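Engineer: A structural model of the following input is requested.
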Amino acid sequence: CGASFCMVNTNWNLQGFAPEAGFRVDLRYEYIDQDQLRSGRDRVAPGQIPRHHDEIRTINRNLLTEIDYTFNRDWGVAATVPIVDRNHSHIHNHGGAQLLEQWDFTRVGDIRVLGRRQWMTEEGATRRPSFYGINFGVKLPTGDKDVHNINGDRAERSLQPGSGTTDLLLGGYYSGVLPAADSSWFLQGLLQQPLNSREDYKPGRRVTLDLGYRYEASESIGLMIQLNALYRGKDSGVQAEPADTGGRFLFVSPGISYAVTKTTQLYAFVQKPLYQHVNGVQLTADWSVVIGASARF
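Structural biologist: Down below sits the predicted model:
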């Protein structure tokens, strides 16, 4: 399904802010309308390339709640709980007949727990701090993997809100200020490697890389832009569709934030694809939107 979650990075520890001990809560809404069928890099029409299923459309409305706790400037941990609202339709080609099949569900997805070990350095004559660190954790098999439609047909495993697998998360990051006034940047990479399979299904490996820039236009407004790259390997197993899963993606994500108070800010991003190359035939989105709020306690 291409990318069913937006790749925008809203980790505010990477946005030019010094880490402070305590809780941070981030509430984020994503809208991703996958209405463009693609083969490789090319757009195609439903049925143009024969498949058992002719994909039509998938609309993802995701609500992600992240609770982050910073113990001190060296250690922190974050848990992310997604609620997936997904509507999918395709044509099932069966015995010469074309049958419309649809799923519409709202379920809790797979919870992610990510720890971090961070170091701080001071650079340049101004001795302004920069931060670098490692991330490590797991994605847990908490999401439903057995969603059926009103006709009793089970959704494809790649459509389910949960994969049923436990995945290793491992990565690193750097965040620093720039010589230009009120500017900062960050770089973060993360590997997500499934450690097992469940019911003859194993999702493909995911590798993400985010490069971001932030400019403080005023005391309350921040202007941001990111490049977000994703590599996703093919799914495997009897219940998988390896020929039509996985791919390589690059997105640009401009955004803006507004500081309501010193500890609370609102933000919004629009994500546009710069490059999309899918394996087989998959649905992709021409644009996506992220809006959210983040508060420290």
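
Engineer: What sits closest to I83 if chain neighbours are left out?
Structural biologist: Of all residues not flanking I83 in the chain, L63 sits nearest, at 4.5 Å (C-beta to C-beta, 6 or more residues apart in numbering). Heads up, the C-betas are built off the backbone N, CA and C, glycines and all.

Engineer: Could you do T264 as well?
Structural biologist: T264's closest residue in space is A295 (C-beta to C-beta, 6+ apart), at 4.3 Å.

Engineer: for R28, same thing?
Structural biologist: Counting by C-beta to C-beta, 6+ apart, the residue nearest R28 is G292, at 3.7 Å.

Engineer: what packs against the helix or strand the one you found falls within?
Structural biologist: Using DSSP states H and E, G292 maps to strand 288-296. Packing partners of strand 288-296 (3 or more C-beta pairs under 8 Å, 6 or more residues apart in numbering; DSSP states H and E): strand 22-34, strand 264-284.

Engineer: strand partners of the longest one, parallel vs antiparallel please.
Structural biologist: Taking DSSP bridges as the criterion, strand 264-284 forms sheet pairs with strand 36-40 (antiparallel), strand 247-259 (antiparallel), strand 288-296 (antiparallel).

Engineer: which of the residues in it are buried?
Structural biologist: Neighbour counts using 16 or more other C-beta atoms under 10 Å place 265, 267-271, 273, 276, 278-284 of strand 264-284 among the buried residues.

Engineer: Can you tell me which of those comes closest to D104?
Structural biologist: D104 has its nearest neighbour among the buried residues of strand 264-284 in L283, at 15.8 Å by C-beta to C-beta.

Engineer: Model confidence at that closest one, what's the number?
Structural biologist: Note on L283: pLDDT of 94.

Engineer: quick one on the thing from earlier: could the strands paired with strand 264-284 be laid out in JSON lines, adding distance to G152, mean neighbour count and mean pLDDT?
Structural biologist: Listed next are those as JSON lines, based on distance: least, C-beta to C-beta, whole Å; neighbours: other C-beta atoms under 10 Å; pLDDT from 0 to 100:
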{"stretch": "strand 36-40", "distance to G152": "26", "mean neighbour count": "18", "mean pLDDT": "94"}
{"stretch": "strand 247-259", "distance to G152": "31", "mean neighbour count": "18", "mean pLDDT": "95"}
{"stretch": "strand 288-296", "distance to G152": "32", "mean neighbour count": "19", "mean pLDDT": "94"}
